[in-house]
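# pasting the sequence and the predicted coordinates here, then a few questions.
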Amino acid sequence: MGVRFLGSARQNSNRDTTQNLLDSADLADIGPEAIMIRSPAAPRAAFDPIPILLRGGRFAGLFAAVLLVALAGFARLAAAGPLDAVVGVRAVIPADARTAPVLGTARAGSGVVIDDAGLVLTIGYLILEAIEADILLPGARVVPAEVVAYDYETGFGLLRALVPLEIEPIALGGSAALSEDTEVLVAGFSGFGGPGAVAGAHVVSRRDFAGYWEYLLPEAIFTAPPHRAFGGAALLGSDGKLLGIGSLAVGDAAAPQQYSPGNMFVPIDALKPILDDMIALGRSRRPPRPWLGLYSEDLNGRVFVNRVASYGPAAKAGVTANSVIVAVKGAPVRDLADFYRKLWALGPAGVEVPLTLMTSEGIQETTIRSADRYDFLKIESSY
C-alpha cells in the first residue's frame, strides 16, 4: 500500500528542497546510480550530446542521420500521440534509507503511463524506498502517487496516480527483435529535458549488462547519441510502442572498452512476465536471488571488490574491499557476469556461498550465508 503525504508539512518542505539537494550532490566518488539521478536537474551543458557530436569523429555522421530520424519520428508519433504518456516522476526518500547515501533523498526522472488507471512504469531507483511520490504533468500539474512495486532483478519500478490522469497509455511493444542500427526515439519528460526531451537515436548494441551492485540484465539495449534526461525515459519504436525504459548513461554503448557515449535501456520484454506479480505483490513471485552485499567490477581480467555493504552478508563473513573473487564453490570466475551466474545458480536467497578470494594476505576460502536484498531495504511501508 502506498504511503500518502497529501499536503503535509513534510511534503511541502521536501518539495521545496528537492532542487537544492540535487544540485548540491557530490558525485565524485559514488556510483553511477547517483549520476542517473543527477541528470534531469544538472546544468544543461553538462549533459547536452550536441557539443560532443559536433566535434566530428565517429559520431559526426551519426548525428546528421539521427536528426533526420528525429524529424521523421516526430511526424509519425505526433499522429499516434504516445509522447503525451511520458510524465515526470518525483520521489522523497528518508535520510535513513539504505539507498539514501548513494541515490540521495530527493529523486526525479521520467515515467510512462502504461494503463488506463494511471499506472506509471519507470526505472526503479527513482522510487526505491520512497515515502512519498508524485507524477508531474505539463503545465506544472502535480499528481500525488503511490509506489506500487520495485523489481530488483530488472530494475523496473511502478507507481500509480491517486487521481485520474486522463492520459492515453502507451502500448507495450516487443524488444526481442530490436536489433543494432534500428532507429528509435528517446522521450523524457519535457519538464526536465526541455526542447531536448525527445530526440532520435540508434540502437548501437544489444548485450548483457553487469552492474557492480549485483545486477545482471540480459540483452540490454544500448543507444547513441547520449540523452541527458535518460532516467525513466521511454524508448519508442517507429510505431510509437514502448521498447524500453532508460536506466544509465554509459561510456561504452557500442562495445565494451570502446569509447562511445550513450545510454542503456531495460528491454520492455523483461517486464511482461512479471507485470501482474508486481501489481499484485509489489515484486516478482520468483524466488529471490542470493545477495551478498558486494560492489565489484571487472578489472584487468579479474573480479575486483571495490566496496562491501557494512550491513550485508559479506561484511558479516569478514570479506573486505580490495579482494579479488577467484572462484564460486570451486568454479573459476571469468568476469562479473560469470560471477553472478555462478552465484545465483547455487540456489535462492539464504543459500550458503563458498568463495575463493585473493586478498593482501593470500588466497582465502570463506563461506557467506546469503540473504534476500529486499530484507535490507526500507520498503515495507511502501509496498
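Structure's in. What do you need?
# and this structure, what are its domain boundaries?
With domains defined by automatic domain parsing, the chain comprises 1-286, 294-376.
# confidence-wise, which of these is weakest overall?
Of all these, mean pLDDT reaches its minimum on domain 1-286 (a mean of 79).
# need the winner for burial among the domains of the chain.
Highest mean neighbour count of the domains of the chain: domain 1-286, a mean of 19 (counted as mean count of other CB atoms under 10 Å). In this view, the C-beta of every residue, glycine as well, is placed from N, C-alpha and C.
# doesn't residue 371 make contact with residue 317?
No - applying CB atoms under 8 Å as the test, residue 317 and residue 371 come out as separate, 11.1 Å apart.
# now do the strands in the stretch 251-383 of the chain.
262-267, 294-299, 302-308, 324-328, 331-332, 352-359, 362-369 (DSSP state E, counting those that start in this stretch).
# how about the ones you listed in CSV, adding distance to residue 218?
CSV is the format used below for the strands of the stretch 251-383 of the chain (distance: least, CB to CB, whole Å):
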stretch, distance to residue 218
strand 262-267, 8
strand 294-299, 17
strand 302-308, 19
strand 324-328, 19
strand 331-332, 20
strand 352-359, 22
strand 362-369, 25
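# so how far is residue 135 from residue 144?
Going from residue 144 to residue 135 by CB to CB, to the nearest Å gives 8 Å.
# need the residues touching each of the two.
Contact criterion CB atoms under 8 Å, 6 or more residues apart in numbering; residues bridging residue 144 and residue 135 by contacting each: residue 161.
# so who does the nearest residue to residue 138 once chain neighbours are set aside touch?
Distances taken as CB to CB, 6 or more residues apart in numbering place residue 190 nearest to residue 138, at 6.3 Å, with adjacent residues excluded. Residue 190 makes contacts with 86, 138, 197-198, as judged by CB under 8 Å, 6+ apart.
# pick out the most distant pair among those.
Spanning the widest gap among the contacts of residue 190 are 138 and 198, at 12.8 Å by CB to CB.
# export the contacts of residue 190 to TSV and tack on distance to residue 101 and secondary structure?
Formatted as TSV, those follow (distance: CB to CB, whole Å; DSSP: H, G, I helix; E, B strand; the rest coil):
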residue	distance to residue 101	secondary structure
86	30	strand
138	33	helix
197	29	coil
198	33	strand
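# measure the nearest residue to residue 302 once chain neighbours are set aside to residue 300 for me?
Excluding its sequence neighbours, the residue lying closest to residue 302 (CB to CB, 6+ apart) is residue 324, at 5.0 Å. As defined by CB to CB, residue 324 lies at a distance of 10 Å from residue 300.
# for residue 360, same thing?
To residue 300, residue 360 is 17 Å away according to CB to CB.
# residues in contact with the residue nearest to residue 302?
By CB under 8 Å, 6+ apart, the neighbours of residue 324 are 302-305, 357-359.
# distance between the ends of stretch 328-344?
End-to-end span of stretch 328-344 (CA to CA, to the nearest Å): 10 Å.
# now what about it, what contacts it?
208, 210, 212, 214-216, 289-290, 292, 296-298, 301, 303, 325-327, 346, 353-356, 370.
# before we move on, the earlier item: closest to residue 259 among the contacts of residue 324?
Minimum distance to residue 259 across the contacts of residue 324 is 21.3 Å, recorded for residue 304 (CB to CB).
# any idea how far the closest one lies from residue 109?
From residue 304 to residue 109 the distance is 30 Å (CB to CB).
# just residue 95 next, same as before
20 Å.
# tell me which element residue 243 is part of?
Using DSSP states H and E, the element containing residue 243 is strand 242-250.
# that strand to strand 262-267, inter-axis angle?
Going by axes from the mean of the first three to the mean of the last three CA atoms, to 10 degrees, strand 242-250 is angled at 140 degrees with respect to strand 262-267.
# which helices and strands does strand 242-250 pack with?
The contact analysis (3 or more CB pairs under 8 Å, 6 or more residues apart in numbering; DSSP states H and E) places strand 242-250 against helix 32-38, strand 106-113, strand 119-123, strand 215-224, strand 234-236, strand 262-267.
# save those as CSV, and put in distance to residue 149 too.
Shown next, in CSV, are these (distance: least, CB to CB, whole Å):
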stretch, distance to residue 149
helix 32-38, 19
strand 106-113, 13
strand 119-123, 10
strand 215-224, 17
strand 234-236, 18
strand 262-267, 14
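# for residue 248, find the nearest of those.
strand 262-267 (4.2 Å).
# quick revisit: for the contacts of residue 324, which one is nearest residue 377?
residue 305 (21.3 Å).
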